[in-house]
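*Asks:* here's a sequence, model it:
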Amino acid sequence: MIFPLIFSIRRRALQWLQAISLCLLSTAFCSEAAAASVTVQVLDAAGAPAPNAVVYAVPVGGQSVPRNQKPTEVEQKNIHFYPLVTVVQTGTAIAFPNHDKVRHQVYSFSPPKTFELKLYAGVPSNPIVFDKPGIVVLGCNIHDEMVAYIQVVDTPYFGKTDMSGSVKLDGLVNGKYVLKVWYFRMAANEAPLEQAFSLQGTDLSLATKLHVKAVPVE
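*Replies:* Predicted coordinates for the structure are as follows:
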């Protein structure tokens, strides 16, 4: 009687493990299926595409969101910053390699991140961590014509419009959001444009129009 009992217990345990595995697979599949994309078209005041607009979706429904803190670079080349506009999530480290033959002294007085990289060539030993949300304006103490912008956001769902004024935000989970759009030609203290939307596992297309004229740069 002992062996049949042991066999029965093992069989039930195996069935239980199989049920749990199926449940976990189903949950993972449903979770992935629930993720959606939002495509945003940004136009300027004249109705033309606006490249280099920062677009991000801020969750407002209490949904859990991942982190997106990939190391980033803003390089100096030909006495310019590249890219002109960068967007990162809070906590992201940004390196500032100098590829010019002259030295630069990169700085920012912006409240979200005040810093200064003393006169240097090559790559500074330590990147700068941008740990507060907001707009950071970059400059060079040696070359006044050099300027660039970093938008630091509290969300992993962000991007920058291409030359057609379009950007696609992927992997958004179900819930309520506020879409925010910022452009470097907006007034210094002007808040990003906002638009509320909701997702329920279906891709969405949105459009917004700036109050300023766009500059056709990459």
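
*Asks:* where are the low-confidence patches of this structure?
*Replies:* 1-34, 218 (pLDDT under 70).

*Asks:* what are the ranges of the helices in it?
*Replies:* 2-34 (DSSP state H).

*Asks:* got the contact list for the residue nearest the centre of it?
*Replies:* Centroid-nearest residue in the chain: F158, 3.3 Å away (criterion: C-alpha atoms, centre = their mean). By C-beta atoms under 8 Å, 6 or more residues apart in numbering, the contact set of F158 is V54, V55, Y56, A57, N68, V87, V88, Q89, L169. Glycine gets a C-beta too; all of them are placed from N, C-alpha and C.

*Asks:* partners of it in the sheet?
*Replies:* Taking DSSP bridges as the rule, F158 bridges to Y56.

*Asks:* how many other residues sit next to the residue nearest to N98 when sequence neighbours are not counted?
*Replies:* For N98, the nearest residue in space outside its immediate sequence neighbours is Q76; the separation is 4.7 Å by C-beta to C-beta, 6 or more residues apart in numbering. Burial of Q76, expressed as a neighbour count using other C-beta atoms under 10 Å, amounts to 24.

*Asks:* pretty sure Q76 contacts V147?
*Replies:* No. When contacts are counted by C-beta atoms under 8 Å, Q76 is not listed as touching V147 (11.7 Å).

*Asks:* filter the contacts of F158 down to just the buried residues.
*Replies:* When neighbours are counted using 16 or more other C-beta atoms under 10 Å, these contain these buried positions: V54, V55, Y56, A57, V87, V88, Q89, L169.

*Asks:* could the residues you listed go into CSV alongside distance to F197?
*Replies:* Formatted as CSV, the entries for the buried ones among the contacts of F158 read as follows, by distance: C-beta to C-beta, whole Å:
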residue, distance to F197
V54, 17
V55, 12
Y56, 13
A57, 8
V87, 19
V88, 23
Q89, 20
L169, 11
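
*Asks:* skipping adjacent residues, who's closest to D100 in space?
*Replies:* Computed as C-beta to C-beta, 6+ apart, the closest residue to D100 that is not its neighbour in sequence is Q76, at 5.6 Å.

*Asks:* distance check, that neighbour against Y82.
*Replies:* Q76 sits 8 Å away from Y82, taking C-beta to C-beta, to the nearest Å as the criterion.

*Asks:* for G62, same thing?
*Replies:* In this structure, G62 lies at 38 Å from Y82, with C-beta to C-beta as the measure.

*Asks:* nearest to A196 among the buried ones among the contacts of F158?
*Replies:* Each of these was checked against A196 using C-beta to C-beta; the closest is A57, at 10.4 Å.

*Asks:* do I have it right that the closest one meets V173?
*Replies:* No. Counting by C-beta under 8 Å, A57 stays clear of V173, with 10.6 Å between them.

*Asks:* the more surrounded of G62 and Y82?
*Replies:* Neighbours were tallied for G62 and for Y82 using other C-beta under 10 Å; the higher tally belongs to Y82 (14 against 7).
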